[in-house]
Every structure is written in structure tokens, then in C-alpha cells.
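*Asks:* Here is my input, please return the structure:
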Amino acid sequence: MTPRANGVQLSASVRRRRSPHWYSLPDMKDKGLNALKLLGESRLILLCFAACAVSACGQQEQATTKPAGEGAAAEMTRTEKVPVTTSSDEARAWYDEGLALADNLHFVDAAAAFTKAVEADPGFAMAYLRLAQISQSAAAFFKAVGQAEDNVANSSEGEQLYIRALIAAAENDQAAQLSAISSLLGMYPKDERTHVQLANYYNGQQNFAEAVKHFGHATSINPNFASAFNSLGYAHRSNDDLDGAKAAFARYVELIPDEANPYDSYAELLMEMGEYDESIENYRKATAIDPHFPSAYAGVSTNESLKGNAEAAQAAAAEMLAAARNDGEKQGAMFRAVAAHLFAGNNDAALAVSEERYAMAEAAGNHSMMGGIRAYMGDIMLSSGAAPRRWNTMQARLVTGKWPKSTMPQRHRRSGLTSSRPRSLQWLAVKSRQRRRESQNTTQRQRRMARHSSSAAYMNSTLILPR
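*Replies:* Take a look at the predicted model:
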């Protein structure tokens with residue numbers, strides 16, 4: 001699993017900013033998976049995983065609250081790395097802990113640590129930036145971006161460039177994003193994290209050769225930069241260099257053998273190479289180390305689907321759901337069940353689970369996910385020839401104001417929404433009033449960002465590759 005989601009450049013699809021190679025296997029066309037290949041939602045789903053890791057390194061940034069040491073060598077160390085500005089030693093300790101957790105893709109725990117950092121120092125701009133990078137929903141992302149922007153005056157010039165790049169990505173202004181990162185690299189050419197930021201930008205642009213170059217610079221600056229070796233492996237994969245990927249992942253495992261993600265990343269490479277049993281073995285190593293590591297369960301499920309074991313694929317998706325700790329992880333597990341049904345050619349079951357996902361997203365007010373779910377459901381219907389039947393159902397609903405009894409979604413039947421007045425009209429006035437109130441309570445900056453709250457902009461802004 002690589003660090004999220006994320007480059008607008010995702011214009012097409014996911015939290016994997018690279019083209020998802022293992023979704024293009026030849027037999028997928030025969031198993032009703034054309035819809036999956038079209039999913040812009042696949043990036044959105046990786047939100048559920050982490051879709052959103054920070055670009056990480058093993059070496060901590062230098063704090064401005066404490067000197068690194070005495071003499072010319074210490075001064076050089078301070079000036080080579082982007083500083084981190086906070087007025088609180090406690091906040092800095094929580095920030096460092098969160099960064100270490102995020103390095104190893106423990107996003108839930110990392111978010112808790114960064115939250116404690118901003119509680120200790122409410123003006124800690126870089127902690128808000130890190131919260132944005134690992135957020136698992138568009139709402140949380142934009143909230144953290146706004147808080148980073150509000151407190152940018154409390155930070156150094158280098159930190160301000162970081163935040164400027166984040167805001168540009170959130171607004172899908174790729175030119176401004178590149179300009180800010182390039183300026184940052186000009187100031188701190190020996191900062192490994194800055195090279196990772198630029199590499200992730202190039203990943204989002206599908207310029208994998210440049211991504212490999214800057215991930216390589218990062219690992220040269222810091223040979224113990226474990227997370228950069230992970231990202232380097234994925235960049236090599238996207239650049240069709242499987243040998244380079246294997247070497248990078250081997251170094252990643254060597255550096256942190258007691259973490260789950262190195263085995264997860266290596267397992268994904270093995271799956272792409274068709275070594276399904278060995279891939280499953282490595283995914284199981286990951287879940288043995290961390291039972292709450294969602295992408296490993298997803299990998300087991302996909303391997304089983306590729307082997308033709310539909311029941312085993314669904315069982316792994318059920319394990320993933322049982323291990324989920326929040327709505328994002330639950331959505332990811334349910335999407336894995338959708339994919340397993342599609343592999344098995346059971347489009348009706350895939351659509352049924354998708355309706356459950358939509359209901360969950362609707363209850364959470366996650367509109368970007370709701371849109372993504374509906375989009376891929378349409379692709380499934382088109383690929384399965386169900387579109388005409390569904391269209392007739394929708395026409396009947398528009399004309400009569402109610403669903404035909406046999407096709408009305410179960411959640412609508414339970415709610416008793418069989419009024420002759422179409423449900424969309426029943427709620428129109430309510431929604432209009434809600435939007436007016438929200439508009440009155442929203443600042444101009446927030447409204448500007450809301451216009452860019454598509455899953456693609458969200459993914460791009462995290463400046464990371466989610467795998």
C-alpha cells in the first residue's frame with residue numbers, strides 16, 4: 001500500500017494515481033469488470049484506506065522550538081531541512097509521533113496524534129497540513145486545509161510554501177502547485193521530504209520517470225528513508241520496471257520488517273506478476289502484524305478472485321469489513337465485496353452491495369463518494385445490459401411519482417416513501433433551505449474550496465500515492 005491519494009491528475013481514477021495495472025488483466029473483460037476499469041471511484045475508495053498517507057521519511061524534521069546542537073554543523077543541519085514551527089514542546093512531540101505513524105501508514109492513529117498536536121498548539125500550521133494529507137473524507141480534508149491556511153502566518157517561509165502547494169492542489173491549480181514545490185526544493189535541495197512531494201506531483205501527472213528520479217534523490221539523501229523506498233517501488237512499477245520495483249520493496253522490508261505495509265507492497269507486486277499464492281502469503285504476514293490493515297485483506301480478496309475462488313474472495317472482504325474501524329474503512333471493505341461479485345460475474349449482487357454503500361455515504365453526508373458510487377453503478381449497468389431495464393424503472397417513477405413495487409429500493413419501502421409526489425420534490429424545499437443556511441455560515445474561502453471538492457481535487461491535494 002502506498003502513501004494517498006493522491007494528484008488531480010487523478011482526473012481519471014485513483015487513489016491510485018498511477019494506471020492500475022492489475023485492473024487491466026485480460027480476463028477481467030470476461031468477468032464484467034469493464035465497469036471497474038472505468039471507475040474514477042477507485043481513487044475515491046482508496047480514501048477509505050488512507051487513501052491518503054503523507055510523504056514520509058524516517059528522519060524527523062528539525063524543530064524551530066529547539067536547536068539541533070551547537071556549532072557550524074548543527075547550523076547546517078537546521079538550514080538543510082524545512083523547519084517545523086510550534087510554540088509547544090508537547091505539540092511537537094505529538095507531531096513527531098504522528099509523522100512516524102503516518103510514515104508506516106497507520107493513518108487512524110496518526111490522525112489522533114496530529115489532533116493532539118493542534119490541541120496543544122492551535123496555531124500549529126504544519127500539523128493541520130499533515131491532518132489534511134491523511135484525512136479520509138473530503139470534508140475533513142478541506143477543513144484541515146482551511147485551518148492550515150488560517151495559521152500560515154505562524155510558520156516559516158518553507159512551511160508556507162508547503163501550505164501554498166496544498167491549497168493549490170485543493171483548488172486544482174496544478175501550475176501553482178508545481179511552482180510552490182519547486183520553490184521549496186530550491187530553498188531546501190537536501191530535504192528528502194521535499195523531493196518526495198515533487199515526486200508525488202509527477203506521479204499525479206503520470207510522469208513516472210521524473211517520479212522515480214526524485215524518489216531516488218530522497219533515498220540517496222537518507223538511505224534509511226523507508227517510506228520513500230515504498231513509493232520508489234510503486235513508481236518503478238508504474239514505469240514498467242518490475243525488477244526495480246522488486247529491489248525497492250526488498251529494501252523497504254529490510255528497513256522495517258516488523259511493520260505490515262512492506263509485506264503488503266511486495267504482495268501487490270507479486271500479484272501483478274501472477275504469483276497469487278505467494279502474494280496471499282505476504283498479505284497474510286501483513287494482517288498477522290496488524291489485524292487492522294485494510295489493504296492487505298483487499299489484496300487477499302483480489303488474489304482469490306483472480307484464482308477463480310469467488311467464495312474465498314468474499315470471505316476476505318468480510319474479514320476486511322469486520323476489521324474496519326471507521327466509515328472510510330467500511331466503505332473500502334464493501335467496495336472490495338463489489339469487486340469480488342464483479343469478478344464472479346454477479347452484477348446484481350454487486351449493485352445490491354453498492355446500494356448499501358450509497359446509503360452509508362448518504363447518511364454521512366459524503367457527497368463526493370455518493371457521486372462516485374452512482375457513476376460506477378451506471379458503468380456496471382451498461383456493461384451488463386441492465387441499463388434499459390433500469391431506465392424504464394426510472395421513467396415509471398418520474399411519471400407516477402413512486403417506484404414500481406417490485407423494483408423500489410428496500411430502504412425506500414421501509415421508509416414508506418410511496419407518496420404520489422416524487423421523493424426528489426418532497427426534499428427539494430428542505431434542501432434549498434439547508435443550502436441557504438450553509439451559504440450564510442460559510443466564508444468566502446470555504447465556498448471557493450467547496451467548488452473544488454471533487455474526489456479528483458481531493459486526491460491530488462494530498463500529494464501522495466495511495467496504495
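*Asks:* switch to C-alpha atoms for all contacts and neighbour counts from now on
*Replies:* Will do.
*Asks:* residue ranges with poor pLDDT in the stretch 1-150 of the chain?
*Replies:* Within the stretch 1-150 of the chain, the stretches with pLDDT under 70 are 1-79.
*Asks:* residues touching Ile181, list them.
*Replies:* Contacts for Ile181 (C-alpha atoms under 8 Å, 6 or more residues apart in numbering) come out as Leu161, Tyr162, Ala165, Thr194, Gln197, Leu198.
*Asks:* Which SSE is immediately downstream of the one helix or strand it maps to?
*Replies:* Assigned by DSSP states H and E, Ile181 belongs to helix 174-187. Where DSSP H and E defines the elements, the next helix or strand beyond helix 174-187 is helix 192-204.
*Asks:* can you state the direction angle for that next one and helix 174-187?
*Replies:* Here the directions of helix 192-204 and helix 174-187 differ by 150 degrees (axes from the mean of the first three to the mean of the last three C-alpha atoms, to 10 degrees).
*Asks:* could you point out which element follows helix 192-204?
*Replies:* Using DSSP H and E, the helix or strand that follows helix 192-204 in sequence is helix 208-221.
*Asks:* I'd like to know which elements that following helix is packed against.
*Replies:* When contacts are defined as 3 or more C-alpha pairs under 8 Å, 6 or more residues apart in numbering; DSSP states H and E, helix 208-221 sits against helix 192-204, helix 226-238.
*Asks:* What about Ala312, how many residues nearby?
*Replies:* For Ala312, the count of nearby residues is 18 (other C-alpha atoms under 10 Å).
*Asks:* Name the residues of the helix or strand where it lies that are buried.
*Replies:* Take DSSP H and E as the rule and Ala312 turns out to sit in helix 310-323. By 16 or more other C-alpha atoms under 10 Å, the buried positions in helix 310-323 come out as Ala310, Ala312, Ala313, Gln314, Ala315, Ala316, Ala317, Ala318, Glu319, Met320, Leu321, Ala323.
*Asks:* Pull the most distant pair out of these.
*Replies:* The span of the buried residues of helix 310-323, defined through C-alpha to C-alpha, is set by Ala310 and Ala323 at 20.3 Å.
*Asks:* What are the buried residues along whichever strand or helix holds Met369?
*Replies:* Using DSSP H and E, Met369 sits in helix 367-384. Within helix 367-384, the residues that qualify as buried are 367-381, 383-384, counting by 16+ other C-alpha under 10 Å.
*Asks:* Next: stretch 194-210.
*Replies:* Buried, per 16+ other C-alpha under 10 Å, within stretch 194-210: 194-208, 210.
*Asks:* mind saving the C-alpha coords of that stretch as CSV?
*Replies:* The C-alpha trace of stretch 194-210 is given here as CSV (Å, rounded to 0.1, in the frame of the first residue of the first chain):
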residue,chain,number,x,y,z
THR,A,194,10.6,17.9,-0.4
HIS,A,195,11.9,15.6,-3.1
VAL,A,196,9.0,13.2,-2.2
GLN,A,197,6.5,16.0,-2.5
LEU,A,198,7.8,16.7,-6.0
ALA,A,199,7.9,13.0,-6.9
ASN,A,200,4.3,12.6,-5.8
TYR,A,201,3.3,15.6,-8.0
TYR,A,202,4.9,13.9,-11.0
ASN,A,203,3.1,10.7,-10.1
GLY,A,204,-0.1,12.6,-10.4
GLN,A,205,0.9,13.8,-13.8
GLN,A,206,1.7,10.2,-14.8
ASN,A,207,5.3,11.3,-15.4
PHE,A,208,6.8,8.2,-13.7
ALA,A,209,10.3,8.7,-14.9
GLU,A,210,10.6,12.0,-13.0
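*Asks:* Am I right that Ala117 is in a strand?
*Replies:* No - with DSSP: H, G, I helix; E, B strand; the rest coil as the criterion, Ala117 is located in helix rather than a strand.
*Asks:* Distance of Asp290 relative to Asp258?
*Replies:* The gap separating Asp290 from Asp258 is 10 Å, by C-alpha to C-alpha, to the nearest Å.
*Asks:* and Val84, what are its phi and psi?
*Replies:* Note on Val84: backbone dihedrals following degrees, to the nearest 10 are phi -120, psi 120.
*Asks:* That one against Gln160, yeah?
*Replies:* No - in this structure, Val84 is not within contact of Gln160 by C-alpha atoms under 8 Å, at 10.5 Å.
*Asks:* measure stretch 132-144 end to end?
*Replies:* From start residue to end residue, stretch 132-144 stretches across 5 Å - C-alpha to C-alpha.
*Asks:* buried sites along it?
*Replies:* Within stretch 132-144, the residues scored as buried using 16+ other C-alpha under 10 Å are Ala132, Gln133, Ile134, Ser135, Gln136, Ser137, Ala138, Ala139, Phe141, Phe142, Lys143, Ala144.
*Asks:* quick one: the helices in the stretch 251-400 of the chain?
*Replies:* All helices of the stretch 251-400 of the chain, identified by DSSP state H, counting those that start in this stretch, fall at 261-272, 276-289, 294-306, 310-323, 327-343, 347-364, 367-384, 387-400.
*Asks:* ok, back up a step: ok, which pair from the buried residues of stretch 194-210 is furthest apart?
*Replies:* Across these, the longest distance by C-alpha to C-alpha is 18.6 Å; it joins Thr194 and Gln206.
*Asks:* With Gln314 as the reference, measure out to the nearest residue to Asn222 once chain neighbours are set aside.
*Replies:* Residue nearest to Asn222 in three dimensions, not counting chain neighbours: Glu192, with 6.9 Å by C-alpha to C-alpha, 6 or more residues apart in numbering. Distance of Glu192 to Gln314, given as C-alpha to C-alpha: 41 Å.
*Asks:* Tell me the helices and strands packed up against the helix or strand containing Leu99.
*Replies:* Taking DSSP H and E as the criterion, Leu99 maps to helix 89-103. In terms of contacts (3+ C-alpha pairs under 8 Å, 6+ apart), helix 89-103 is packed against helix 107-120.
*Asks:* List of residues touching the helix it packs on?
*Replies:* Helix 107-120 has contacts (C-alpha under 8 Å, 6+ apart) with 50, 53, 88, 90-95, 97-102, 124, 127-128, 130-131, 134-135.
*Asks:* Based on its surroundings, how many neighbours for the nearest residue to Ala296 once chain neighbours are set aside?
*Replies:* Counting by C-alpha to C-alpha, 6+ apart, Tyr283 is the residue found nearest to Ala296 once chain neighbours are left out, at 5.0 Å. Tyr283 has 28 neighbours, counted by other C-alpha under 10 Å.
*Asks:* Pretty sure Tyr283 sits against Glu259.
*Replies:* No - checked against C-alpha under 8 Å, the pair Tyr283 and Glu259 is beyond contact range at 11.9 Å.
*Asks:* what sits against Glu210?
*Replies:* Glu210 makes contact with Ala199, Tyr202, according to C-alpha under 8 Å, 6+ apart.
*Asks:* oh, I was asking about Asn303
*Replies:* So Asn303 contacts Met271, Tyr276, Asp277, Ser279, Ile280, Ala313 (C-alpha under 8 Å, 6+ apart).
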